[in-house]
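Asker: sequence unknown, structure follows:
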């Protein structure tokens, strides 16, 4: 079992930045591909970013590419999401996820085995 806990969400003005963290416990994260997703009350869960086990391969959703960066520190068992040039449409609950069956990266939710509880990000205009 892997437990994931997100932190770092909050309220920020448009154009600002936030760094989300996802701390894993229970097992070492280095054998899992990781991802970030987001969801609003009116939309399905949306893919944001994913990184492979070694940290050498990344993929981003079209709406965040060039503004967000996913990274991981396996020694800290932590995944990060650096969000820059934030827009009001980035407002959502952000979830981190981990999947052991994923060969490189994954953009769809069923491939992930474990999920955090989410952290709210609100971007004001």
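Answerer: Received the coordinates, thanks. Since we're looking at a predicted model, the values are computed, not measured. Residues are numbered from 1 along each chain as shown.
Asker: going forward, measure contacts between C-alpha atoms and count neighbours the same way
Answerer: Noted.
Asker: what sits against residue 18?
Answerer: For residue 18, the contacting residues are 8-9, 12, 82-84, taking CA atoms under 8 Å, 6 or more residues apart in numbering as the criterion.
Asker: switch the cut-off to 7 Å
Answerer: The contact partners of residue 18, by CA atoms under 7 Å, 6 or more residues apart in numbering, come to 82-84.
Asker: so how far is residue 47 from the residue nearest the centre of the chain?
Answerer: Residue closest to the average C-alpha location in the chain (CA atoms, centre = their mean): residue 36, at 2.3 Å. Distance from residue 36 to residue 47, counting by CA to CA, to the nearest Å: 7 Å.
Asker: pull the number of nearby residues for the closest residue to residue 118 other than its chain neighbours.
Answerer: On the basis of CA to CA, 6 or more residues apart in numbering, the spatially nearest residue to residue 118 that is not a chain neighbour turns out to be residue 95, at 4.4 Å. Per other CA atoms under 10 Å, the neighbour tally for residue 95 reads 26.
Asker: work out for me the element residue 95 sits within.
Answerer: Taking DSSP states H and E as the definition, one finds residue 95 inside strand 92-99.
Asker: buried stuff in that strand?
Answerer: By 16 or more other CA atoms under 10 Å, the buried positions in strand 92-99 come out as 92-99.
Asker: so in terms of bridging, what pairs with the residue nearest to residue 118?
Answerer: The residues paired with residue 95 through beta bridges, assigned by DSSP bridges, are residue 37.
Asker: tell me how far it lies from residue 35.
Answerer: 8 Å.
Asker: can I have the buried ones of the contacts of residue 18 as a PyMOL selection?
Answerer: To isolate the buried members of these in PyMOL, using 16+ other CA under 10 Å:
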select buried, resi 83+84
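Asker: of the contacts of residue 18, which is the nearest to residue 113?
Answerer: Sorting the contacts of residue 18 by distance to residue 113 puts residue 82 at the head of the list, at 23.0 Å, by CA to CA.
Asker: nearest spatial neighbour of that closest one, skipping sequence neighbours?
Answerer: Nearest non-adjacent residue to residue 82 (CA to CA, 6+ apart): residue 19, at 4.5 Å.
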